[in-house]
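*Asks:* Please find the sequence and the predicted model below.
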Amino acid sequence: MISKSFAKISVIYGIKFLLLFFIIHTSTAQTSRQKEILDLSQRKFVWLINKQLDSLNLVLDNDLAYIHSNGWVESKQDVLENLRSGKLVYGDVQIENAKVRLYKSTAIVTGTGKFSGGNNGNTFDLRLLYTEVYVLKNKKWLLASRHANRLP
């Protein structure tokens, strides 16, 4: 017959094992989700450069606020139309670093990078600090807000 103290110790270690398993599993899942968001953010930059409007249309939220470092604010329709017309051209985007913070159905990406291109025929070559807010809607991550600031 197993003693009560041995049974109690077994239960305690069993609970600790389950908690440890849950913590490790949750951390792995979160890291996987963070990678998913970072990959989406990076693909979005490629789509901007290549003017892949169909792909952008699927990742931009209908209520998007796309705020540039000069204070210019674009809606989803503005982003798509300005890329289509050539008013805004992205030549290159080089992300220096980026990280993701997750909150249930919201992901916040913060990063720095070098952005070059043209706006109304005027070229730009900027180093930016940016924040992107993604929301989970119908099991899809959508860019709801983006804001950039110039860095020295």
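*Replies:* Happy to help now that I have it.
*Asks:* how about low-confidence regions in the chain?
*Replies:* 1-30 (pLDDT under 70).
*Asks:* where do the strands sit along it?
*Replies:* 60-67, 73-74, 88-103, 106-119, 122-137, 140-150 (DSSP state E).
*Asks:* Who are the packing partners of the shortest one?
*Replies:* Applying 3 or more Cβ pairs under 8 Å, 6 or more residues apart in numbering; DSSP states H and E, we find strand 73-74 packed against strand 60-67. For every residue, glycine as well, the C-beta is placed using N, CA and C.
*Asks:* what packs against the strand it packs on?
*Replies:* Secondary-structure packing of strand 60-67 (3+ Cβ pairs under 8 Å, 6+ apart): strand 73-74, helix 76-85, strand 140-150.
*Asks:* Give the buried residues for that strand.
*Replies:* Within strand 60-67, the residues that qualify as buried by neighbour count (16 or more other Cβ atoms under 10 Å) are 60, 61, 64, 66, 67.
*Asks:* Save the residues you listed as a markdown table, and put in distance to residue 34 too.
*Replies:* Formatted as a markdown table, these follow (distance: Cβ to Cβ, whole Å):
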| residue | distance to residue 34 |
| --- | --- |
| 60 | 21 |
| 61 | 20 |
| 64 | 22 |
| 66 | 22 |
| 67 | 23 |
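*Asks:* Who is residue 103 paired with across the strands?
*Replies:* residue 106 (DSSP bridges).
*Asks:* Can you report how many residues neighbour residue 116?
*Replies:* Neighbourhood size, residue 116 [other Cβ atoms under 10 Å]: 15.
*Asks:* looking at the sheet around it, what are its partners?
*Replies:* Going by DSSP bridges, residue 116 forms beta bridges with residue 92, residue 125.
*Asks:* Contact partners for it?
*Replies:* 90, 91, 92, 93, 123, 124, 125, 126 (Cβ atoms under 8 Å, 6 or more residues apart in numbering).
*Asks:* Cool, thanks, signing off.
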